[in-house]
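Novice: I would like to see how this sequence folds:
(one chain, ligands or ions: 2)
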Amino acid sequence: MSGRYGEHDVEHYERPRRRTRPRTKERPSYDDAADGTVVTVDRGRFTLLVEGRTVMAMKARPLGRKGVVVGDRVRVVGDVSGADGSLARIVEVGDRSTVLRRTADDDDPVERVLVANASQLVVVTALADPEPRSRWIDRALVAAYDGGLAPLLCLTKADLEDPETLLSTYRSLGVPWVVTHRDSDRRIVGLEGLQERLTGHTSVLIGTSGVGKSTLVNAIVPDADRAIGHVNAVTGQGRHTSTSAMMLALPDEAGWIVDTPGIRSFGLAHVQPEHLIGAFPDLDEMTEDCPRGCTHGDDEPECGLDEAVARGDADADRVSSFRRLLAARSVTEY
Ligand SMILES: Nc1nc2c(ncn2[C@@H]2O[C@H](COP(=O)(O)OP(=O)(O)OP(=O)(O)O)[C@@H](O)[C@H]2O)c(=O)[nH]1
Ligand SMILES: [Zn+2]
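Specialist: Ligands and ions are numbered 1, 2, ... in the order given. Here you go, the predicted model:
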């Protein structure tokens, strides 16, 4: 088996093996398997893209309880024609370059991977109607940094409110941003900036209800409804009632977006301070002499971040913004 698949999986999913079984049987080679990407998941059925075809699949037995999520690169065998009623089998799941996770709930330490292999998290926030909630934004940023995704702030409805106040909160973190608004002809302005930022990425779009995320998805993927309708026709869903994420191709092969209709928030109980600070190498460097177990939070007595600020080696705003993110991990209401 190639090292790329199966052997370095993030989760353990196989029951202990009986050693008497011959190895070739335990790890059959799937040389004839096709490569696919998981586009959406619905009740144990996976919609894949295999060489441009929409293919329905289920997990093969050896995968057991192994999670397979949107964005996963998989190997499939069986009927990969995509013909009506056909069902292929997923036999391997590729290593994940990134994982967007959530704890099911801050009191429940079970981690769930929401999307695999995305490179960017687009945090969609309205500047007004509904009012922006910076705690929510902070939590989304934490999920991005922790998961290895580059964050992008997408601020909508700039026709209702100036973006400056909100942007000033995030400037010291260096989060890139785009702003959109609607003009008097009800056209969305600022899409080019967003499209430019999406190019070359697989971007997960997240936003709370009413921020204008659907408006953006429909504007940047003109046949989004048709693509979703097509998948639902195959899966037997009447309309897009699924709460699952769905991956959609951008025009001109510019990249992919993952729409997340059912995902409004993240439980962050799994996020470790040591891991989060890794997303800020300049700050991370200042924590080398921190006492063991230092969380680098506000109330740490001898944190290297304070010393760095005192010496003038670190920007106080940046440190306090980082600490705001740290604190946002454990806040449940926002
Ligand atoms: N003023 C203004 N309104 C907008 C803008 N973009 C979207 N809207 C309106 O905001 C409302 C919500 O937009 P949607 O795109 O449905 O929001 P959503 O985030 O997909 O919300 P859900 O469907 O609940 O997930 C709609 O009435 C849109 O017409 C904008 O730039 N400016
Ligand atoms: Zn520290």
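Novice: up against ligand 2, what does the stretch 201-334 of the chain have?
Specialist: The stretch 201-334 of the chain comes close to ligand 2 at residues 287, 290, 294, 296, 303, as judged by CB under 5 Å from the ion. Backbone N, C-alpha and C define where each C-beta goes, glycine included.
Novice: look at the nearest residue to the first one once chain neighbours are set aside and say how many residues are nearby.
Specialist: With CB to CB, 6 or more residues apart in numbering as the measure, residue 304 is the residue that lies nearest to residue 287, at 4.5 Å, once sequence neighbours are left out. Taking other CB atoms under 10 Å as the criterion, the count of residues near residue 304 is 21.
Novice: list the contacts of residue 304.
Specialist: Applying CB atoms under 8 Å, 6 or more residues apart in numbering, we find residue 304 in contact with 286-290, 294, 296.
Novice: which parts of the stretch 1-150 of the chain are strands?
Specialist: Defined through DSSP state E, counting those that start in this stretch, the strands belonging to the stretch 1-150 of the chain, from first to last, are 34-42, 45-50, 53-59, 73-78, 88-93, 99-105, 108-116, 120-126, 150-156.
Novice: ok, the residue nearest to residue 287 to residue 319 distance?
Specialist: Summarising the geometry, the distance separating residue 304 from residue 319, computed by CB to CB, to the nearest Å, is 10 Å.
Novice: residue 153 now?
Specialist: Between residue 153 and residue 319 the distance is 20 Å, computed by CB to CB.
Novice: how about residue 212?
Specialist: Noted for residue 212: a distance of 33 Å to residue 319, by CB to CB.
Novice: try residue 182
Specialist: Counting by CB to CB, the separation of residue 182 from residue 319 is 37 Å.
Novice: these two: who's more crowded?
Specialist: Between residue 182 and residue 319, residue 319 has the larger neighbour count (other CB under 10 Å), namely 21 against 17.
Novice: go ahead and confirm the more buried one touches residue 307.
Specialist: No - judged on CB atoms under 8 Å, residue 319 makes no contact with residue 307 at a distance of 10.7 Å.
Novice: pLDDT weak spots in the stretch 51-200 of the chain?
Specialist: 104-110 (pLDDT under 70).
Novice: what does it put close to ligand 1?
Specialist: Taking CB under 6 Å from any ligand atom as the test, the list of the stretch 51-200 of the chain residues beside ligand 1 reads 156-157, 159-160, 180-182, 188.
Novice: apart from its neighbours in sequence, what residue is nearest residue 134?
Specialist: The nearest residue in space to residue 134 (CB to CB, 6+ apart) is residue 169, at 5.9 Å.
Novice: so is that neighbour in a helix, a strand, or just coil?
Specialist: helix (DSSP: H, G, I helix; E, B strand; the rest coil).
Novice: surely it and residue 132 touch.
Specialist: No - in this structure, residue 169 sits apart from residue 132 without contact. The criterion is CB under 8 Å, and the distance is 9.4 Å.
Novice: more neighbours: which of those two?
Specialist: For the pair residue 169 and residue 132, the greater number of neighbours falls to residue 132 (22 against 17), based on other CB under 10 Å.
Novice: what sits closest to the more buried one if chain neighbours are left out?
Specialist: residue 125 (4.9 Å).
Novice: where along this protein do the helices fall?
Specialist: 23-26, 134-147, 164-170, 191-198, 213-220, 224-235, 273-277, 281-284, 304-311, 316-328 (DSSP state H).
Novice: just to revisit the earlier point, turn the strands of the stretch 1-150 of the chain into TSV, including distance to residue 281 and mean neighbour count.
Specialist: TSV is the format used below for the strands of the stretch 1-150 of the chain (distance: least, CB to CB, whole Å; neighbours: other CB atoms under 10 Å):
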stretch	distance to residue 281	mean neighbour count
strand 34-42	31	21
strand 45-50	35	21
strand 53-59	38	20
strand 73-78	28	20
strand 88-93	30	23
strand 99-105	20	20
strand 108-116	24	18
strand 120-126	19	25
strand 150-156	14	24
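Novice: could those go into a markdown table alongside distance to residue 263?
Specialist: As requested, the strands of the stretch 1-150 of the chain are exported to a markdown table (distance: least, CB to CB, whole Å):
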| stretch | distance to residue 263 |
| --- | --- |
| strand 34-42 | 12 |
| strand 45-50 | 17 |
| strand 53-59 | 22 |
| strand 73-78 | 21 |
| strand 88-93 | 21 |
| strand 99-105 | 8 |
| strand 108-116 | 6 |
| strand 120-126 | 11 |
| strand 150-156 | 16 |
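Novice: got the ones you listed as TSV, with distance to ligand 2 columns?
Specialist: Formatted as TSV, the entries for the strands of the stretch 1-150 of the chain read as follows, by distance: least, CB to the ion, whole Å:
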stretch	distance to ligand 2
strand 34-42	39
strand 45-50	43
strand 53-59	43
strand 73-78	37
strand 88-93	36
strand 99-105	23
strand 108-116	24
strand 120-126	26
strand 150-156	23
